[in-house]
Structures are given as C-alpha cells and as structure tokens.
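>>> Need a 3D model of the following:
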Amino acid sequence: MAKINRSRDRDIEIPQGSMGDIAFLLLLFFMVTTVFVQEKQFWVDRDRWPQAQSIERIPRNNTATIYVMKNETILLDDVPSKIESEEDVYVKNALIAKKAENPEIVVCFRTDRETKYGAMSDVMRQLQDAETLVVAFEAQQKDQ
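Just a heads-up that it's a prediction; the model follows:
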C-alpha cells in the first residue's frame, strides 16, 4: 500500500479578492436605506422674542407677584417655596386664597434670565389649575 503523507500544518486562507466589493455593497445599502430627517428647532432665537409695544403700570395693591429664581426657588409675594414634585400645589392654593379675597387680582410673573423652563412651566401649570385668567409677564426695559 502506498503511504500518503499528510502535513499537520494547514494554511487556511480567507479569500480577500471580493472583500472590497462586499464593503462597497454594504456601504451602498446603508446609504440607500438611511432616512435623513431634518432636525426640528425646539428653541426660539433671542432676536425673535416678542417685544413690548407699550409699558403699562399696574397698581401694586391689586397684584400678586411670582418671581422664579434661577435656583428654582419661587417667591410668591416674597414668601419662598420650591416645587419638588407634581403634587406640590403651594402656588395654586395661595392664588386661590388671594382670588377669594380679591377677584380682580392680577398675577405678575417674573423670572431670572437663567431660569430653566421646567420651573417656569410648573408655575404656569399651577396658575392654570388655579384658574388665574389675568397674568402679566414682566420684563426689564431694554437699555438703549
């Protein structure tokens, strides 16, 4: 019988001749199937903010002032509080009591420039819940 010599070391090669073709086809596939969506702009440029047409003075004996500071502390007629959770309704309860005393009350809403919108949104939600219909958003007059 004839002896067949088998070598113990096999050289395994991966054919790389078509590797470039496969990479090109994958790239083409991802380019064709990708959907490009234009991002929506969720902010308004400060140049496009509304400007006051006139300045009107409100008598202070008929107002309740809410000031939201940048550390999210809320001052309602200089009494500090914080909205920690959705269940906090201090502003709502205080405004309902003030409206019971004076139905013609005007709420003046002020904020710091660096105040996060979440804190302002929470206060505005409580204003809606208290059915406060007359709200004046106050701002400093721009120096010219």
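
>>> Flag the shaky bits of the chain, pLDDT-wise.
1-2, 7, 9, 39-50, 52, 56, 58-59, 83-88, 139-144 (pLDDT under 70).

>>> Start from the N-terminal end of it and give the strands.
63-68, 73-76, 79-82, 106-111, 135-137 (DSSP state E).

>>> Let me have the ones you listed in a markdown table, adding distance to Gln51 as columns.
Where you see a C-beta, it was placed from the backbone N, CA and C, and this is true even at glycine. Rendered in a markdown table, the data for the strands of the chain read as follows (distance: least, CB to CB, whole Å):
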| stretch | distance to Gln51 |
| --- | --- |
| strand 63-68 | 22 |
| strand 73-76 | 26 |
| strand 79-82 | 31 |
| strand 106-111 | 17 |
| strand 135-137 | 13 |
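
>>> Which of the ones you listed sits closest to Ser121?
strand 63-68 (10.1 Å; CB to CB).

>>> I figured Val134 hits Phe109, correct?
No. Between Val134 and Phe109 there is no contact under CB atoms under 8 Å: 10.9 Å.

>>> about what we covered before: now the strands of the chain as TSV including mean neighbour count and distance to Lys92?
Formatted as TSV, the strands of the chain follow (neighbours: other CB atoms under 10 Å; distance: least, CB to CB, whole Å):
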stretch	mean neighbour count	distance to Lys92
strand 63-68	20	11
strand 73-76	17	10
strand 79-82	11	11
strand 106-111	18	12
strand 135-137	13	14
